[in-house]
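Enquirer: here are the coordinates; sequence isn't available:
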């Protein structure tokens, strides 16, 4: 049963609902280009990002009744992205792709408009980490068959610790030690070997480098001789 107080309350609610003005609510997500997973930080060279616009034009947060827009629905006709890099790159695409190849913290700004008059912006940050630098040394690089070499990892990663190593010695053998030793043997048609090292730091950033013909085995000499003359008479002995 409605009384005067209830009716007044309903009138207030109805008046508030009718007077609700649509708002442009900007928003976006940053996802990996290959797997489409959310991404807020990562390592070079894997920071190629798919930016996805999630903006909407509709009721403000806390509206009492659902708002049914008659002003372009959920569409809006203007997108302007600022990627926050030193070159001040921008885009007017709705869902652009952009890559970051220098370490740092970047502030991305999306500005949208549904009518070309009223604009609204939002920002997010992403962090880009530098990958480790791969370097090695060996106690010797040239030797005789079989040739045992002990390697030393000299890789480094600014502000991070290297936690994993994967060596490939060019002859099918591998190692996950930081400083391994390995014995090389001559292979037909091959006496030099490429050495590859991949390292991973505590951020999960990886890098690898191949050192071409880094280890070479000297082929053994072939024994041979000649003699003149090759026969002697008994009187000459």
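Expert: Nice, thanks for sending it over. Being a predicted model, the structure only gives us computed values, none of them experimental.

Enquirer: Report the contact partners of the one residue sitting closest to the centre of the chain.
Expert: Ranked by distance to the mean C-alpha position of the chain (C-alpha atoms, centre = their mean), the top residue is residue 46 at 1.8 Å. Applying C-beta atoms under 8 Å, 6 or more residues apart in numbering to residue 46 gives the contacts residue 32. For glycine as for every other residue, the C-beta is placed from the backbone atoms N, C-alpha and C.

Enquirer: For the helix or strand encompassing residue 166, name the packing helices and strands.
Expert: Using DSSP states H and E, residue 166 falls within strand 162-168. For strand 162-168, the elements it packs on are strand 147-153, strand 174-175, strand 192-201, judged by 3 or more C-beta pairs under 8 Å, 6 or more residues apart in numbering; DSSP states H and E.

Enquirer: run the last query once more with 7 Å
Expert: On a contact count with 3 or more C-beta pairs under 7 Å, 6 or more residues apart in numbering; DSSP states H and E, strand 162-168 meets strand 174-175, strand 192-201.

Enquirer: contacting residues around the first one?
Expert: The set of residues that contact strand 174-175 without belonging to it, under C-beta atoms under 7 Å, 6 or more residues apart in numbering, is 166, 167, 168, 182.

Enquirer: and the first one, how many neighbours?
Expert: Spelled out, it's residue 166. Residues within reach of residue 166, counting by other C-beta atoms under 10 Å, total 15.

Enquirer: mind starting the numbering at 160 from now?
Expert: OK, 160 is where the count begins now, so the last one is residue 325.

Enquirer: Lowest mean pLDDT among the helices and strands of the chain, which one is it?
Expert: helix 163-177 (a mean of 51; mean pLDDT, DSSP states H and E).

Enquirer: Show the subsequent helix or strand relative to it.
Expert: Counting by DSSP H and E, what follows helix 163-177 is strand 182-184.

Enquirer: any idea which element the residue nearest to the centre of the chain lies in?
Expert: Per DSSP H and E, residue 205 falls between elements, in no helix or strand.

Enquirer: Could you do the one 5 residues further on as well?
Expert: When elements are assigned from DSSP H and E, residue 210 belongs to strand 207-212.

Enquirer: Can you select the buried ones from the contacts of strand 333-334 in PyMOL?
Expert: Per 16 or more other C-beta atoms under 10 Å, the buried members of the contacts of strand 333-334 correspond to this PyMOL selection:
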select buried, resi 326+327+341
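
Enquirer: And the contacts of strand 333-334, which two are furthest apart?
Expert: Maximum pairwise distance among these (C-beta to C-beta): 13.5 Å, between 325 and 341.

Enquirer: one step back: now do the strand holding residue 325: everything it contacts.
Expert: So strand 321-327 is contacted by 291, 310, 312, 314, 333-337, 339, 355-361 (C-beta under 7 Å, 6+ apart).

Enquirer: go again using 8 Å as the cut-off
Expert: The contact list for strand 321-327, computed with C-beta under 8 Å, 6+ apart, reads 291, 310, 312, 314-315, 333-337, 339, 341, 354-361.
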